[in-house]
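Chemist: got a structure for you, letters missing:
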């Protein structure tokens with residue numbers, strides 16, 4: 001009936017309780033449960049209760065659905081459960097056909113995996129992929145309750161438990177000072193006094209004041225309160241699901257089905273993370289509507305810190321204004337960034353015009369300190385910048401050409417999360433940089449605090465704006481154009497890969513670091529063809545980024561309406577692009593607007609391609625989507641008409657291979 005059953009399945013606690021009571025009355029030696037879906041697909045409202053009852057009452061649980069062989073022992077406070085999952089035994093050849101042959105003897109379950117082969121002869125044979133390093137490719141597992149009551153049971157070999165992943169992605173502060181926020185830290189701690197239940201706090205204030213640093217420092221200082229972990233997510237792109245899915249795979253070691261949508265991966269991770277006290281930072285939120293689905297539920301042991309520039313007038317959560325540093329704290333910050341001698345000469349001059357903004361104080365102090373180390377003696381005050389832009393320019397001007405190019409290459413990416421591997425790839429392909437070249441350029445930027453971080457780099461949004469507006473000499477501009485070409489090529493590659501496999505968390509995480517809207521690329525000197533734009537749009541809507549996908553398809557519509565060099569219009573291709581715009585609109589609930597695009601798409605597809613051939617299968621899809629849209633608008637009779645037209649087009653397609 002569809003693929004949207006994740007987190008929506010119910011067994012029913014009363015139904016299960018009745019079945020378990022009946023089973024206990026049988027007095028069976030071994031209790032086996034059979035369920036189709038994995039238990040973590042159950043609705044979050046009852047899933048933990050169902051799992052607890054099964055773990056307490058059943059010895060072996062058999063399940064299927066994912067078409068993969070997997071055996072694991074789950075030990076919990078309720079009991080020890082052996083969970084066995086087999087492959088697909090009867091579903092054509094779409095999936096590898098496999099089964100588990102099990103023998104129960106003396107408190108042990110020995111599992112021998114088998115699989116089906118078609119050629120050269122049909123036969124069930126050994127499947128060595130499940131236990132590749134075990135003798136005879138089989139393995140024995142103790143059945144906990146039987147193993148504890150039978151003296152004849154031999155003790156299984158001890159296995160060291162896999163190390164638990166460190167539950168945080170908050171970068172260490174290193175030697176970077178943190179001053180002047182004692183009151184704000186205390187206010188956050190007071191709001192988050194109870195780690196056993198949900199709480200949300202919003203940090204707001206002018207750009208450059210240090211909201212993100214404050215949130216991360218709170219996470220460092222109070223990490224002992226959060227056994228579930230401390231995590232920061234870039235909120236600028238509203239890509240919460242993708243980032244949570246990455247945490248699920250890389251930190252929680254969750255094994256998602258290969259076709260599980262990213263949004264479901266993200267939701268599963270979010271619920272698993274919040275099973276114990278956890279702190280989440282949503283950094284630089286630009287729209288609170290995007291945050292709402294990822295806020296804790298009632299009673300959830302989850303604290304959320306949101307940093308934002310947005311107005312907090314209508315926000316119901318506690319809000320803390322982060323103000324600029326005082327003059328004394330600004331002087332102290334310069335002293336801790338450098339040394340007492342430097343601070344005596346320059347700290348007051350820097351603090352006097354920095355307006356208490358760390359984003360201005362830090363790079364300027366670093367740049368002036370570098371000049372002093374090189375034997376220069378800048379005059380206090382006269383050489384000091386009078387604006388944030390001039391503060392940036394002083395630090396920027398200390399860089400050599402390779403480091404400046406690295407900054408310009410990075411400035412097109414999302415400033416809150418710049419993957420070093422992606423950035424190195426751009427410079428390697430665009431300028432033939434070696435790993436050593438990249439390391440030297442990156443170190444120069446890190447030394448002046450123009451970039452921060454290690455696993456992922458960050459660049460302050462104000463500085464990113466400065467870099468994008470800075471004019472480059474002709475030679476540097478030519479070099480950067482090669483980097484932009486490499487970045488555009490990579491962007492299309494990632495979008496194409498996601499169009500084919502939307503559940504690829506790693507590629508989705510990389511894609512959202514790039515500018516997702518068409519208008520950002522020409523400003524950086526990069527243009528995409530209509531075909532490339534359609535690939536990008538397809539990749540975006542396959543991962544649920546419909547708002548960003550729509551402009552790419554609208555651009556394709558505008559170009560296709562012009563026709564080719566001779567003015568001929570491929571109406572079928574134009575119809576496809578019109579359909580894609582409609583799909584993006586209907587997927588975001590804009591049904592009235594979507595209906596108009598679907599109607600235009602049908603009209604174009606009925607005209608056929610440049611040779612007049614009609615793709616009836618494609619026409620049927622558009623009519624079906626349009627009918628669904630009409631139903632949402634309450635136009636039931638009109639929807640029924642479109643359904644009939646869709647069915648007729650589908651029958652025609654079945655008889656003529658789709659083209660007439």
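Modeler: The structure has been received and is ready for your questions. Please read all numbers here as calculations on a predicted model, not as lab measurements.
Chemist: Now do the strand or helix carrying residue 598: everything it contacts.
Modeler: Following DSSP states H and E, one finds residue 598 within helix 591-605. Applying Cβ atoms under 8 Å, 6 or more residues apart in numbering, the contact partners of helix 591-605 are 571-572, 574-576, 578-579, 581-583, 585-586, 614-615, 618-619, 622-623, 625-626, 629-630, 632-633. No exception for glycine: its C-beta is placed from N, CA and C like everyone else's.
Chemist: secondary structure class for the residue lying closest to residue 130 once chain neighbours are set aside?
Modeler: Nearest residue to residue 130, sequence neighbours excluded (Cβ to Cβ, 6 or more residues apart in numbering): residue 113, at 4.0 Å. Here residue 113 is recorded as strand under DSSP: H, G, I helix; E, B strand; the rest coil.
Chemist: re earlier: list the buried residues of the helix or strand following the helix holding residue 598.
Modeler: The C-terminal neighbour of helix 591-605 among helices and strands, as given by DSSP H and E, is helix 616-632. For helix 616-632, burial by neighbour count (16 or more other Cβ atoms under 10 Å) applies to 616-631.
Chemist: contacts for the helix or strand following helix 616-632?
Modeler: For helix 616-632, the succeeding helix or strand toward the C-terminus, using DSSP H and E, is helix 636-656. Here helix 636-656 makes contact (Cβ under 8 Å, 6+ apart) with 615-617, 619-621, 623-624, 626-628, 630-631, 660.
Chemist: Could you identify the pair within these that is furthest apart?
Modeler: 631 and 660 (28.4 Å; Cβ to Cβ).
Chemist: quick one: contacts for the most centrally placed residue in the chain?
Modeler: Residue closest to the average C-alpha location in the chain (Cα atoms, centre = their mean): residue 242, at 1.7 Å. By Cβ under 8 Å, 6+ apart, the contact list for residue 242 reads 262, 266, 505, 508-509, 512, 543.
Chemist: which residue ranges form the helices in the stretch 1-150 of the chain?
Modeler: 13-24, 47-57, 144-149 (DSSP state H, counting those that start in this stretch).
Chemist: sorry, back to before: and the residue nearest to residue 130, how far is that from residue 39?
Modeler: As judged by Cβ to Cβ, to the nearest Å, residue 113 and residue 39 stand 22 Å apart.
Chemist: Also residue 464?
Modeler: 45 Å.
Chemist: What of residue 30?
Modeler: 20 Å.
Chemist: more neighbours, those two?
Modeler: Between residue 30 and residue 39, counting by other Cβ atoms under 10 Å, residue 39 is the more crowded of the two (20 against 13).
Chemist: returning to what we had before: single out the most deeply packed of the helices of the stretch 1-150 of the chain.
Modeler: helix 47-57 (a mean of 17; mean count of other Cβ atoms under 10 Å).
Chemist: now it, how far from the chain's geometric center?
Modeler: 30 Å (Cα atoms, centre = their mean, to the nearest Å).
Chemist: cool, and stretch 558-573?
Modeler: 37 Å.
Chemist: Report the mean confidence score over it.
Modeler: Averaged across stretch 558-573, pLDDT comes to 90.
Chemist: which other residues reach it?
Modeler: 530, 574, 577, 604-605, 607-610, 613-615, 618.
Chemist: what does stretch 278-287 give?
Modeler: Stretch 278-287 has contacts (Cβ under 8 Å, 6+ apart) with 167, 170, 192, 212, 215-216, 218-219, 222-223, 225-226, 228-236, 238, 240, 273, 291, 294, 301-310, 416, 461.
Chemist: Then stretch 38-50?
Modeler: Contacts of stretch 38-50 (Cβ under 8 Å, 6+ apart): 5-13, 16, 51, 54, 61, 63, 65-66, 85, 268, 271, 275.
Chemist: Which ones among the residues you listed map onto strands?
Modeler: 61, 63, 85 (DSSP state E).
Chemist: Out of these, grab the one that's most surrounded.
Modeler: Most surrounded of the ones in strands among the contacts of stretch 38-50: other Cβ under 10 Å gives residue 61, at 21 neighbours.
Chemist: so that residue makes contact with residue 81?
Modeler: Yes: using Cβ atoms under 8 Å, residue 61 makes contact with residue 81 at a distance of 5.8 Å.
Chemist: Now the common contact residues for the two.
Modeler: residue 54.
Chemist: Against residue 532, how distant is residue 207?
Modeler: From residue 207 to residue 532 the distance is 34 Å (Cβ to Cβ).
Chemist: The two: who's more crowded?
Modeler: residue 532 (17 against 14).
Chemist: give the contact list for that one.
Modeler: residue 492.
Chemist: Now it: which helix or strand?
Modeler: helix 530-542.
Chemist: next helix or strand past that helix?
Modeler: Note on helix 530-542: by DSSP H and E, the next helix or strand toward the C-terminus is helix 546-560.
Chemist: Tell me which stretches of the stretch 301-450 of the chain form strands.
Modeler: For the stretch 301-450 of the chain, strands defined by DSSP state E, counting those that start in this stretch occupy the ranges 302-308, 319-321.
Chemist: which one of these is the most hemmed in?
Modeler: strand 302-308 (a mean of 25).
Chemist: where does the protein dip in pLDDT?
Modeler: 1-3, 77-78, 90-95, 119-120, 147-164, 313, 377-388, 655-660 (pLDDT under 70).
Chemist: longest helix in it, by residue count?
Modeler: Assignment by DSSP state H gives helix 474-500 as the longest helix of the chain.
Chemist: quick one, that one and helix 530-542 angle?
Modeler: 50 degrees (axes from the mean of the first three to the mean of the last three Cα atoms, to 10 degrees).
Chemist: Run through the neighbouring helices and strands of helix 474-500.
Modeler: helix 401-411, helix 420-431, helix 505-511, helix 530-542 (3 or more Cβ pairs under 8 Å, 6 or more residues apart in numbering; DSSP states H and E).
Chemist: Would you indicate which residues of that helix are buried?
Modeler: For helix 474-500, by 16+ other Cβ under 10 Å, it's 479-480, 482-484, 486-488, 490-492, 494-495, 497-499.
Chemist: starting at the chain centroid, how far to it?
Modeler: How far helix 474-500 lies from its chain's middle: 21 Å, per Cα atoms, centre = their mean.
Chemist: picking up where we left off before, for the strands of the stretch 301-450 of the chain, which one sits closest to residue 376?
Modeler: Residue 376 lies closest to strand 302-308 among the strands of the stretch 301-450 of the chain, at 37.1 Å (Cβ to Cβ).
Chemist: Okay, now the sheet partners of that closest one, with direction.
Modeler: Strand 302-308 has the following strand partners under DSSP bridges: strand 199-204 (parallel), strand 278-285 (parallel).
Chemist: Pick the most buried one from those strands.
Modeler: On a mean-neighbour basis (criterion: mean count of other Cβ under 10 Å), the most buried of the strands paired with strand 302-308 is strand 278-285, at a mean of 24.
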